[in-house]
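*Asks:* just need the structure, nothing else, for what follows:
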Amino acid sequence: MDKIPSSICLRPGAFAVGLAAAMSVTILLGQAVPAPGGAARPEPMHWTADQDHRNMMDQLGIKTLRPGRNGMGPPDAPNAANYDPAKANPYPDLPDALTLKNGQKVTSADVWWKQRRPEIVEDFEREVYGRVPKSVPKVIWTVVETSNATAGKIPVVEKKLVGHVDNSSYPGISVDIQMTLATPADAKGPVPVLMMFSFNFPRAAQAPPATAPGGDPPSTEQLIAAGWGYASISPASIQADNGAGLTRGIIGLVNKGQPRKPEDWGSLRAWAWGAARGLDYLETDPAVDAKRVGIEGVSRYGKAALVTMAFETRFAMALVGSSGEGGAKLHRRNFGEAVENLTGSGEYHWMAGNFLKYGTAESSFGSVTPGDLPVDAHELIALCAPRLVFISYGVPEHGDANWLDQPGSYMATVAAGPVFRLLGARDTGVKEDYRTARMPPVNTGLLDGELAWRQHDGGHEDRSNMKYFIAWANKFLQARKTGAADSSPVSNAETAH
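*Replies:* Have a look, this model is predicted:
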């Protein structure tokens, strides 16, 4: 068995939590929080999202922000989203992923790993997604229930798990990460596992979505039928998906219930941290092939899946579904959702406080635009190289709205290609420059390389691409298992806070 990372402790037996009745993130309200020695600590702040958002604006010296795009009204509505390709690229030149800040070109893998990649990570942490604090407490994982179940008609062994975050430093906030692991009951050895960000917990216990005639079965059934396992993890049990929750959850626990500073992590980075802690557990479970664990998510959790893959190098692969702005879509694009939507009070909690600067209309430092960002989505994808990344979208006609800017994500995918090639991996195979590359027809996969793209003909889901993802991943995982594995000098310590 691999050595257990410092961030995880395992405890056998039942964990004293009534999952059916317990809230995954709890607050002790109406009382002072005791501290060692009897002194009282301040209670968690209880602000609305608007109050917390205003506080961050004040910290940054921002007076007003540009309003977000309106994707629901007519084209002539105030702040209407742009869907005219001719107006979509006001900042056509992206930061070069293979040029150091001193202007020197990156021409070797060694320079990438030792110099350029750390530069990009620093920019994303400081300006976009925030920093994971060094003081994040340890997680104690407990298997609370093991049962026999089925996925479709296939028997599985299902384990319900709770990862309790040590809150001895601030008992006023409790965080219990909820995850379910399912593996084929007849597996002859460890299996690859896809960790899936779930909108609810546990995914395995819910009634599967109905399969349309001729449609694909649920992703969980497809994975089990292919001999894989899946782990369904609840982002809400890690960090709330709203600004009012930033003084609770794992962010609030580390900050002892107080508001964030501008470089502190947002919910996307917190969810990624939680997924990494889930991987800590999976590395100890004999049913799991820990070297073949992937991460998956759709929509906001597609953003989280890409962020997870970029920062946590132990994940072998990612399926990034319909991630849009804040995920695989270029921030510099003016098409559908925009940076200004993410800097508003409804979505700012996903990002670092510093990200608000890029929606600034009036401030102590002037006006700042998306064109001033030091990094963009193509570099987030590049941070995943040379590991396996599958960018997935559906079509607007069936619900994967133009708001997501599929072409902007395709541009980012193409622009990430040179980094994959530098590191000895294959990209999508597109030869054109990202500025002129055209998306392939729907249902045409670019699946020959470690960086893959496919737009399916379904809606806001990645179930329709799951069978293609599994076949694509199996091809590369099998090749690596037989001796062609890529190795990177990035230490797990980089992200194992």
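*Asks:* the chain: helices as residue ranges?
*Replies:* Taking DSSP state H, the helices of the chain run over residues 49-60, 109-111, 117-123, 219-225, 249-254, 267-282, 300-311, 339-342, 377-382, 406-422, 463-479.
*Asks:* and those helices: which comes nearest residue 95?
*Replies:* For residue 95, the closest of those is helix 377-382, at 6.7 Å, according to CB to CB. Placement of C-beta: from N, CA and C, glycine included.
*Asks:* what sits up against the closest one?
*Replies:* Residues from elsewhere that reach helix 377-382 (CB atoms under 8 Å, 6 or more residues apart in numbering): 94-95, 97, 120, 124, 306-307, 310, 327-331, 389, 391, 408-409, 411-416, 419-420, 434, 451.
*Asks:* how about it: buried residues?
*Replies:* Across helix 377-382, burial judged by 16 or more other CB atoms under 10 Å covers 377-382.
*Asks:* nearest to residue 161, of these?
*Replies:* Nearest member of the buried residues of helix 377-382 to residue 161, counting by CB to CB, is residue 380, at 28.8 Å.
*Asks:* ok, back up a step: how about TSV for the helices of the chain, with distance to residue 365 and mean pLDDT added?
*Replies:* Listed next are the helices of the chain as TSV, based on distance: least, CB to CB, whole Å; pLDDT from 0 to 100:
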stretch	distance to residue 365	mean pLDDT
helix 49-60	8	98
helix 109-111	33	98
helix 117-123	18	98
helix 219-225	45	98
helix 249-254	25	98
helix 267-282	24	98
helix 300-311	26	98
helix 339-342	16	98
helix 377-382	24	98
helix 406-422	27	98
helix 463-479	42	96
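*Asks:* between those, which one is closest to residue 160.
*Replies:* Ranking these by proximity to residue 160 (CB to CB) places helix 267-282 first, at 12.1 Å.
*Asks:* can I get the closest one in PDB, CA atoms only?
*Replies:* What follows is helix 267-282 as a C-alpha-only set of coordinates in PDB (Å, rounded to 0.1, in the frame of the first residue of the first chain):
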ATOM      1  CA  SER A 267     -15.100  28.000  -4.100                       C
ATOM      2  CA  LEU A 268     -13.600  26.500  -7.300                       C
ATOM      3  CA  ARG A 269     -10.200  26.100  -5.600                       C
ATOM      4  CA  ALA A 270     -11.800  24.800  -2.400                       C
ATOM      5  CA  TRP A 271     -13.800  22.200  -4.300                       C
ATOM      6  CA  ALA A 272     -10.500  21.200  -6.000                       C
ATOM      7  CA  TRP A 273      -8.800  20.900  -2.600                       C
ATOM      8  CA  GLY A 274     -11.700  18.700  -1.500                       C
ATOM      9  CA  ALA A 275     -11.300  16.400  -4.500                       C
ATOM     10  CA  ALA A 276      -7.600  16.100  -3.700                       C
ATOM     11  CA  ARG A 277      -8.500  15.000  -0.200                       C
ATOM     12  CA  GLY A 278     -10.900  12.500  -1.700                       C
ATOM     13  CA  LEU A 279      -8.000  11.200  -3.800                       C
ATOM     14  CA  ASP A 280      -6.000  10.800  -0.600                       C
ATOM     15  CA  TYR A 281      -8.600   8.300   0.500                       C
ATOM     16  CA  LEU A 282      -8.700   6.500  -2.900                       C
END
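*Asks:* quick check, central residue of this protein?
*Replies:* Residue closest to the average C-alpha location in the chain (CA atoms, centre = their mean): residue 304, at 1.5 Å.
*Asks:* quick one: contacts for the nearest residue to it once chain neighbours are set aside?
*Replies:* Excluding the flanking residues, the one nearest residue 304 by CB to CB, 6 or more residues apart in numbering is residue 271, at 4.3 Å. Going by CB under 8 Å, 6+ apart, residue 271 touches 197, 235, 238-239, 301, 304, 307-308.
*Asks:* from residue 219, how far out is residue 271?
*Replies:* 19 Å (CB to CB, to the nearest Å).
*Asks:* what about the residue nearest to residue 304, distance to residue 424?
*Replies:* For residue 271, the distance to residue 424 equals 30 Å [CB to CB].
*Asks:* all good on my end, thank you.
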